[in-house]
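Undergrad: What shape does this take:
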Amino acid sequence: MQRRQFLATAVAAAAAARWPAARAQQTLPSGPVRIVVGFPAGGGTDVLARLLAQKLAAEWGLAVIVENRAGAAGVIAADHVAKQAGDGNTLLMSHINSHGIAPGLQPKLAYTVEKDFTPIALVGKTPTILVGNVDQPAKTLPELVALCRSQPGKIIFGSAGTGSAQHLALEIFKARAGIDVLHVPYKGSAPLMTDLMGGHVHYAFEGMTTATPLIKSGKASALAQTLSKRSASHPDVPTVAEQGYAGFEASIWFGMDGPAGVPAPVADRINADIAKVLAMPDVVERLAQVGAEDGGGSRQRYADFTRGERQKYAEVIRQARIQPEG
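TA: Alright, predicted model coming up:
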């Protein structure tokens with residue numbers, strides 16, 4: 001009897017020891033996992049996705065592959081992921097364009113963010129930086145506002161394209177400052193910055209990755225940055241908010257989403273592991289290099305944030321009467 005009781009107790013103890021591991025395994029995707037990126041390899045979104053993929057693969061013991069499906073400012077990749085099974089094996093490295101701006105800009109968008117995706121995590125926000133041609137007279141935000149008011153419709157602001165995050169940062173600022181400027185859209189940041197340095201464009205809101213080398217080399221001047229607090233990468237550049245426009249924020253942000261139907265335990269596990277990765281010292285250092293901050297937090301935090309972004313940009317697009325290109 002004692003032997004029988006001992007064996008039963010041992011079996012129960014072994015099962016209990018295995019239960020947490022088995023339960024943890026159930027919250028993981030079966031793998032391999034694809035992280036789909038809507039931009040070419042080597043860009044900022046791709047770099048962040050590959051960093052996460054490497055760390056999550058080590059954490060999960062699964063293959064995590066980055067797949068680039070570039071085009072339409074991330075919309076092509078988002079549309080692809082929206083059509084995949086909600087098993088956690090396909091994820092989207094979401095972007096402000098696909099999940100913040102496009103829903104308000106493109107009336108025929110094939111997906112609906114709220115219905116076709118499972119929000120997982122905010123990966124990070126980067127500021128846009130208001131840069132100017134070095135020969136322009138206005139070197140601070142108040143000076144620029146005064147200049148624009150003295151010459152309505154004549155100060156030239158470029159952007160990386162109609163409806164881009166940089167363009168909408170300009171539109172938000174125009175509305176807040178009550179100024180009228182000439183907006184010139186370009187096909188991307190590279191030709192825009194070339195013309196800004198050449199004096200054909202006076203000012204522009206530009207992403208940190210593109211703007212930083214020009215600022216540090218003295219080829220462009222920095223007047224303001226657009227997060228609610230100063231980025232650690234540019235501690236000497238004041239925010240728009242602290243220069244008289246309280247609450248102003250127009251970040252370029254990145255997130256992680258799955259298709260609709262990802263089970264909550266799986267989505268929660270991915271969220272927790274992304275938060276763990278974002279806190280790793282080498283990841284923190286790498287994120288600082290590209291100016292990405294404020295990632296992590298709950299799935300609800302990410303869902304609430306992106307909902308607010310869609311509402312904000314839809315209103316900006318409506319008020320500015322912005323039409324999608326093409």
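Undergrad: close enough to count as contact, Ile156 and Tyr203?
TA: Yes - shown here, Ile156 and Tyr203 form a contact pair, counting by Cβ atoms under 8 Å, at 7.5 Å. For glycine as for every other residue, the C-beta is placed from the backbone atoms N, C-alpha and C.
Undergrad: ok, these two, which is more surrounded?
TA: Here Ile156 and Tyr203 are set side by side on neighbour count (other Cβ atoms under 10 Å), and the busier one is Tyr203, at 24 against 19.
Undergrad: could you measure that one against Ala211, distance?
TA: Between Tyr203 and Ala211 the distance, using Cβ to Cβ, to the nearest Å, works out to 12 Å.
Undergrad: which residues are in contact with both of the two?
TA: Val131 (Cβ atoms under 8 Å, 6 or more residues apart in numbering).
Undergrad: And Ile252, how close does it get to Lys216?
TA: Summarising the geometry, the distance separating Ile252 from Lys216, computed by Cβ to Cβ, is 19 Å.
Undergrad: can you check Phe248 too?
TA: Distance, Phe248 to Lys216, using Cβ to Cβ: 24 Å.
Undergrad: With Leu170 instead?
TA: Distance from Leu170 to Lys216, counting by Cβ to Cβ: 23 Å.
Undergrad: Compare those two (neighbour count), which wins?
TA: The residue with more neighbours, out of Leu170 and Lys216, is Leu170; 24 against 11, by other Cβ under 10 Å.
Undergrad: can you tell me the helix or strand for that one?
TA: helix 165-177 (DSSP states H and E).
Undergrad: And for Lys219?
TA: In the assignment (DSSP H and E), Lys219 maps to no helix and no strand.
Undergrad: Outside of stretch 176-191 itself, which residues are in contact with it?
TA: Applying Cβ under 8 Å, 6+ apart, the contact partners of stretch 176-191 are 145, 148-149, 152-162, 164, 166-167, 170, 173-174, 192, 195, 201, 206-207, 210, 245, 248, 325.
Undergrad: among the residues you listed, which are in helices?
TA: Among these, the members found in helices (DSSP state H) are Val145, Cys148, Arg149, Gln166, His167, Leu170, Phe173, Lys174, Leu192, Asp195, Thr210.
Undergrad: Most widely separated two among those?
TA: Greatest spatial distance among the ones in helices among the contacts of stretch 176-191 (Cβ to Cβ): Arg149 and Thr210, at 28.0 Å.
Undergrad: out of the two, which sits in the more crowded spot?
TA: Thr210 (21 against 13).
Undergrad: Surely Ile35 is in a helix?
TA: No - with DSSP: H, G, I helix; E, B strand; the rest coil as the criterion, Ile35 is assigned strand and is not in a helix.
Undergrad: Need the pLDDT of Thr210.
TA: According to the per-residue confidence, Thr210 scores 88 in pLDDT.
Undergrad: So which residues of the stretch 201-326 of the chain form helices?
TA: 208-216, 264-278, 281-290, 299-320 (DSSP state H, counting those that start in this stretch).
Undergrad: Can I get those helices in CSV including distance to Val184?
TA: CSV is the format used below for these (distance: least, Cβ to Cβ, whole Å):
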stretch, distance to Val184
helix 208-216, 17
helix 264-278, 37
helix 281-290, 27
helix 299-320, 15
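Undergrad: just so I know, which of those lies nearest Ser231?
TA: Proximity of those to Ser231 was assessed by Cβ to Cβ; the nearest stretch is helix 208-216, lying at 7.1 Å.
Undergrad: Could I have the CA atoms of that closest one written out in CSV?
TA: Backbone C-alpha positions of helix 208-216 (Å, rounded to 0.1, in the frame of the first residue of the first chain) are rendered in CSV as follows:
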residue,chain,number,x,y,z
MET,A,208,15.2,61.1,-37.3
THR,A,209,17.2,58.5,-39.3
THR,A,210,17.4,60.8,-42.3
ALA,A,211,17.7,64.1,-40.5
THR,A,212,20.3,63.2,-37.8
PRO,A,213,23.4,62.9,-40.1
LEU,A,214,22.6,66.2,-41.8
ILE,A,215,22.1,68.0,-38.5
LYS,A,216,25.4,66.6,-37.0
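Undergrad: Tell me how far Val64 lies from Asp135.
TA: Distance of Val64 to Asp135, computed by Cβ to Cβ: 48 Å.
Undergrad: For the two, indicate the residue with more neighbours.
TA: More neighbours sit around Val64 than around the other of Val64 and Asp135, counting by other Cβ under 10 Å; the figures are 22 against 9.
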